[in-house]
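Asks: Show me how the following folds:
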Amino acid sequence: DSIASIAADLREALRRTAEHPEWKPAHFELSFGLKERRAADPKSTDDPVEVEGGLKLRGSIDLIERHDDGELRATDYKTGKVRASRTTVIEGGEILQPVFYALVLEKLFPGAKVFGGRLWYCTAAGEFTPVEVKLDDEARGAAKLVASTVREAIDKGFLPAAPNERACEYCDYKLVCGPYEETRTKRKKQDKLQGL
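Replies: Predicted structure coming up:
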């Protein structure tokens, strides 16, 4: 049943992809700063990419598409339920991939026009929902805010885990922090967590 469900999701995702022939796949699994990527796109780079405020990023973009007019778009596939709103930019720092992947594209493809980034919840669980974030002034401002917040936290040596309510339920790093991070966060001075 699980394999049949995956196949059904894949067929529907491909059908929906075909509805937008103006966006064509250009690169798959384009990695930056990850040296041991065996299945990486040939355009991948071993070096991290420096973006806003001197942040150096490492990662892998699931899909880069090129529009008929030449614009590029970074897509990050999601297989769970939709956790981003349609008006997302960085969602309070919780959803950074669309904006920062778009900034990475600007650095890796100098001279190319970058439309932005998107999350594509490409399964029935996510109702095949795309969440696009244009790389506009608001997105660039949000990226600068993230960079300055991170820089300030590093300068002050204050890098606490500060999850939102119930965020730990979906976090892949619970093994690192432990099961009681939300409880510990409530004991911290809340004014110190304002920037986060």
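Asks: Tell me which stretches of this structure form helices.
Replies: Under the criterion DSSP state H, the chain contains helices at 2-18, 97-108, 137-156, 174-177, 181-187.
Asks: Can you tell me what sits against the longest one?
Replies: When you say that, I think you mean helix 137-156. Contacts to helix 137-156, defined as C-beta atoms under 8 Å, 6 or more residues apart in numbering, come from residues 51-55, 89-90, 93, 96, 98-100, 102-103, 116, 133, 159, 195-196. From N, CA and C alone the C-beta is placed, and that goes for glycine too.
Asks: rerun at 7 Å
Replies: Helix 137-156 has contacts (C-beta atoms under 7 Å, 6 or more residues apart in numbering) with 51-53, 55, 89-90, 93, 96, 99-100, 103, 116, 133, 159, 195-196.
Asks: before we move on, back to that, can you tell which of the helices of the chain is closest to residue 36?
Replies: Closest to residue 36 of the helices of the chain is helix 97-108 (C-beta to C-beta; 18.8 Å).
Asks: May I have that closest one exported as PDB, CA atoms only?
Replies: Extracted in PDB, the C-alpha atoms of helix 97-108 (Å, rounded to 0.1, in the frame of the first residue of the first chain):
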ATOM      1  CA  GLN A  97      15.100  27.800   2.000                       C
ATOM      2  CA  PRO A  98      13.100  29.700  -0.700                       C
ATOM      3  CA  VAL A  99      14.800  33.000   0.000                       C
ATOM      4  CA  PHE A 100      18.300  31.800   0.600                       C
ATOM      5  CA  TYR A 101      18.300  29.200  -2.200                       C
ATOM      6  CA  ALA A 102      17.300  32.100  -4.500                       C
ATOM      7  CA  LEU A 103      20.200  34.100  -3.300                       C
ATOM      8  CA  VAL A 104      22.500  31.200  -3.800                       C
ATOM      9  CA  LEU A 105      21.300  31.000  -7.400                       C
ATOM     10  CA  GLU A 106      22.300  34.600  -8.000                       C
ATOM     11  CA  LYS A 107      25.800  33.800  -6.800                       C
ATOM     12  CA  LEU A 108      26.100  30.500  -8.800                       C
END
